[in-house]
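Enquirer: Need the 3D shape of this:
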Amino acid sequence: MKKCLRCTKQATLHITELKGGKSLSLHLCETCAQEYLSTVEVGGIPDEFSGAPKGNLETSDIEDSGESGPRACPHCGITFKEFRSQGRLGCPRDYEVFHSELVPLLESIHGETQHVGKFPPRVSETSRRQFELVRLRSELKTAVDDEQYELAARLRDQIQQIEAETRSS
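Expert: The predicted structure follows:
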């Protein structure tokens with residue numbers, strides 16, 4: 001989640017200002033947002049909000065969501081600006097090329113950058129075990145391929161334990 005531009009609280013309000021043909025995103029907590037909205041002038045951002053943020057935040061918390069530069073993916077040619085306008089990346093390598101821009105975007109949208117999966121709320125224990133077996137077997141194959149035999153032995157033991165529990169149920 002984004003932190004407030006002026007303090008260390010979680011940002012709850014996201015304001016986009018258009019100024020001189022560029023857009024500027026401000027991430028503010030409720031207190032700072034009220035202060036901002038009471039001091040904002042038509043056509044201008046108060047200096048205390050457009051300068052360096054207070055506290056230990058980085059200046060990257062003020063986003064220029066206009067252009068991120070002429071950098072483009074060497075494989076598909078898409079630029080970050082094109083991605084932002086289309087909402088789709090051009091190829092799988094774009095995740096590496098635009099990593100520094102995508103991580104904050106994904107964190108602000110989803111709160112995380114790694115998918116951990118979900119279970120339906122009412123799944124039987126048998127289905128959960130089957131899912132766990134599939135996951136462990138996949139990890140076991142990867143461990144053997146990477147020659148991580150100690151890990152592979154632990155995974156094999158876990159698989160055998162789950163299978164034994166399934167047979168006895």
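
Enquirer: Just after the helix or strand of the chain with the lowest mean pLDDT, pick out the following helix or strand.
Expert: Every helix and strand of the chain was ranked by mean pLDDT, DSSP states H and E. The lowest is strand 63-64, at a mean of 46. For strand 63-64, the succeeding helix or strand toward the C-terminus, using DSSP states H and E, is helix 80-86.

Enquirer: Give the buried residues for that next one.
Expert: By neighbour count on 16 or more other Cβ atoms under 10 Å, the buried set for helix 80-86 is 80-81, 83. (C-beta placed from N, C-alpha, C; glycine too.)

Enquirer: Repeat that for stretch 101-116.
Expert: 101-102, 105.

Enquirer: Redo those as JSON lines? Include secondary structure and pLDDT.
Expert: Putting the buried residues of stretch 101-116 into JSON lines (DSSP: H, G, I helix; E, B strand; the rest coil; pLDDT from 0 to 100) gives the following:
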{"residue": "Glu101", "secondary structure": "helix", "pLDDT": "86"}
{"residue": "Leu102", "secondary structure": "helix", "pLDDT": "85"}
{"residue": "Leu105", "secondary structure": "helix", "pLDDT": "82"}
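
Enquirer: JSON lines for those, including distance to Lys2?
Expert: Listed next are the buried residues of stretch 101-116 as JSON lines, based on distance: Cβ to Cβ, whole Å:
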{"residue": "Glu101", "distance to Lys2": "14"}
{"residue": "Leu102", "distance to Lys2": "15"}
{"residue": "Leu105", "distance to Lys2": "10"}
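
Enquirer: how about the strands of the protein, start to end?
Expert: 13-19, 22-28, 63-64 (DSSP state E).

Enquirer: Of all those, which one is nearest Arg71?
Expert: Of all the strands of the chain, strand 63-64 sits nearest to Arg71, with 14.1 Å by Cβ to Cβ.

Enquirer: Could I get the full set of helices for the protein?
Expert: Ranges of helices within the chain are 30-39, 47-50, 80-86, 94-97, 99-110, 125-145, 149-168, based on DSSP state H.

Enquirer: Ranked by average pLDDT, which of those falls at the bottom?
Expert: Lowest mean pLDDT of these: helix 47-50, a mean of 53.
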